[in-house]
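Chemist: after the sequence you'll find the predicted model.
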Amino acid sequence: MLIVDCDKCIGCGVCEANCPFGAITVVDGCAVVGETCTLCGICVDDCEPVALHIEGGERIQNVDLDAWSGVWTFAEFRHGHVAPVTFELLGVGRTLADQRGVQLSAVLLGAGVEQYADQLIAAGADTVYLVDNPGLGQYREDVYGRVLEQLIQEKKPEVVLAGATAIGRSVIPQVAHALNAGLTADCTQLSIREEDGMLLQTRPAFGGNIMATIECPQSRPQMATVRPKVMAPIEPDFNRTGEVVHVEIPAEMFVSKVEVLESVLGDQEQINIQEIEVLVAGGRGLEDEKGFDLIRELAEELGGALAASRAAVDAGWIAYPHQVGQTGKTVCPKLYIACGISGAIQHAVGMQSAETVVAINRDANAPIFDIATYGVVGDLFEIVPILAKKIREARK
Ligand SMILES: Cc1cc2nc3c(=O)[nH]c(=O)nc-3n(C[C@H](O)[C@H](O)[C@H](O)COP(=O)(O)OP(=O)(O)OC[C@H]3O[C@@H](n4cnc5c(N)ncnc54)[C@H](O)[C@@H]3O)c2cc1C
């Protein structure tokens with residue numbers, strides 16, 4: 001809660017002028033706080049007479065920032081392998097750690113996972129904190145959260161990164177809340193500010209129309225999630241050496257409210273468009289789900305898979321795991337063929353780093369042509385079958 005001390009307030013109006021949410025008004029020489037206050041704290045920093053303070057914020061402000069050091073990545077392990085996003089996090093984590101002159105560590109939780117520590121060291125980690133325990137064999141949010149929280153409290157890393165996957169998105173907010181730390185979800189860029197070593201966390205905001213850079217100046221660790229395929233892994237080097245630290249966790253930490261009876265991969269989860277090199281994507285221009293049969297043929301000719309815009313997914317023509325974009329997946333294939341997709345910013349953010357983009361659209365002014373390597377203006381129902389035929393012939 002933002003508290004105003006009217007004995008100290010001089011009614012200068014600096015807080016009123018600087019509040020981005022229009023939440024403060026000066027009435028009769030004293031600031032009055034309205035309902036739109038988000039407790040961002042800008043007014044507190046700007047108030048020279050120190051007439052404003054946030055009640056409940058003292059705990060955050062008393063953190064000794066210098067006591068926290070090192071960059072950590074959460075090494076997600078599922079379905080018998082380390083999730084690819086882990087290596088991408090280690091790639092960006094390596095850069096951040098080198099800039100800060102600190103260690104890069106990976107935290108690996110699971111049962112029978114010790115053999116995977118070498119992969120993490122090869123991908124850039126200096127240290128792997130390994131908690132290898134049957135109690136971690138199945139992902140249970142409360143247990144994973146508790147173990148991570150304890151490790152972070154004990155070792156005090158300044159930065160903690162995790163994948164914006166189903167697991168990362170469920171466990172990391174819980175940990176951030178328990179630690180009273182700041183968390184920025186779905187970052188597309190991470191960097192270190194040279195002057196003070198602050199982690200700058202950039203992500204799309206306001207429906208993807210602006211990029212916002214977020215910092216956590218008063219709390220530690222600085223926590224961020226990053227979507228798969230947004231950052232690049234470094235080339236693995238199996239000659240790298242690092243330390244594997246076996247961490248013992250008391251048995252009571254594994255007590256859970258959750259009992260996992262069975263873990264199965266759904267049919268749809270088996271399609272991971274993020275790991276496929278050729279994607280043929282369809283949008284509203286396909287008109288109905290039969291349109292996907294047309295582009296499926298093209299995808300099969302190219303040994304690729306189907307992707308889609310949200311419009312096509314919302315219409316029920318194809319399942320959500322195929323959706324590309326801000327609320328879908330970020331993909332980085334070698335070839336992305338967009339058929340009947342306009343190229344709205346929310347779609348473009350999910351596919352614009354594809355190596356080659358081919359767009360087929362009957363509207364020559366569609367924004368997809370701004371990011372396309374090759375554009376075909378015309379009716380997809382005529383062009384796609386010709387393209388599939390030509391590819392078939394060429395392959396023969
Ligand atoms: C918060 C938020 C999050 C969002 N997240 C996503 C997301 O993750 N992914 C996403 O895709 N969208 C997302 N959207 C929606 C996005 O803004 C667009 O509405 C959506 O991408 C449009 O899909 P589309 O291109 O298939 O449809 P449209 O914009 O309707 O475009 C259809 C295109 O097909 C072309 N066309 C029509 N018929 C033919 C034909 N016969 N031959 C050739 N071309 C043809 C048209 O010229 C047109 O360009 C989000 C929106 C919001 C607000």
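Modeler: Here it is on my side, so go on.
Chemist: drop to CA atoms for contacts and neighbour counts, all remaining ones
Modeler: Will do.
Chemist: where does the stretch 1-150 of the chain dip in pLDDT?
Modeler: The model of the stretch 1-150 of the chain has pLDDT under 70 over residues 56-62.
Chemist: what residues sit buried inside stretch 228-248?
Modeler: Taking 16 or more other C-alpha atoms under 10 Å as the basis for neighbour counts, the residues of stretch 228-248 that come out buried are 228-231, 233-234, 242, 244.
Chemist: repeat that for stretch 309-325.
Modeler: Buried residues in stretch 309-325, defined by neighbour count with 16+ other C-alpha under 10 Å: 309-313, 317-318, 320-325.
Chemist: which residues touch the spatially closest residue to residue 16 that is not a sequence neighbour?
Modeler: For residue 16, ignoring the flanking residues on the chain, the nearest one in space by C-alpha to C-alpha, 6 or more residues apart in numbering is residue 24 at 4.9 Å. With contacts defined as C-alpha atoms under 8 Å, 6 or more residues apart in numbering, residue 24 is in contact with 15-16, 31-34, 37.
Chemist: separation between the residue nearest to residue 221 when sequence neighbours are not counted and residue 103?
Modeler: Using C-alpha to C-alpha, 6+ apart and skipping residues adjacent in sequence, the residue nearest residue 221 is residue 158, 4.6 Å away. Counting by C-alpha to C-alpha, to the nearest Å, the separation of residue 158 from residue 103 is 11 Å.
Chemist: what about these two, which has more around it?
Modeler: Neighbours per residue (other C-alpha atoms under 10 Å) separate residue 158 from residue 103, with residue 158 holding more: 22 against 18.
Chemist: hmm, back to that, and the ligand, which of the buried residues of stretch 309-325 contact it?
Modeler: When C-alpha under 6 Å from any ligand atom is taken as the criterion, the members of the buried residues of stretch 309-325 that contact the ligand are 309-312, 324-325.
Chemist: now for those: which two are most distant?
Modeler: 312 and 325 (12.3 Å; C-alpha to C-alpha).
Chemist: state the phi and psi torsions of residue 344.
Modeler: Main-chain torsions, residue 344, degrees, to the nearest 10: phi -60, psi 150.
Chemist: contact residues of the chain facing the ligand?
Modeler: That would be 207, 283-285, 309-312, 324-328, 340-344, 346-347, 360-363, 366, 378-381, which are the residues of the chain within reach of the ligand (C-alpha under 6 Å from any ligand atom).
Chemist: in PyMOL, how would I select just the buried ones from those residues?
Modeler: Typed into PyMOL, the line below selects the buried ones among the residues of the chain next to the ligand, using 16+ other C-alpha under 10 Å:
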select buried, resi 283+284+285+309+310+311+312+324+325+326+328+340+341+342+343+346+347+360+361+362+366+380+381
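Chemist: buried stuff in stretch 27-46?
Modeler: Neighbour counts over stretch 27-46 (16+ other C-alpha under 10 Å) mark 30-33, 37, 43-44 as buried.
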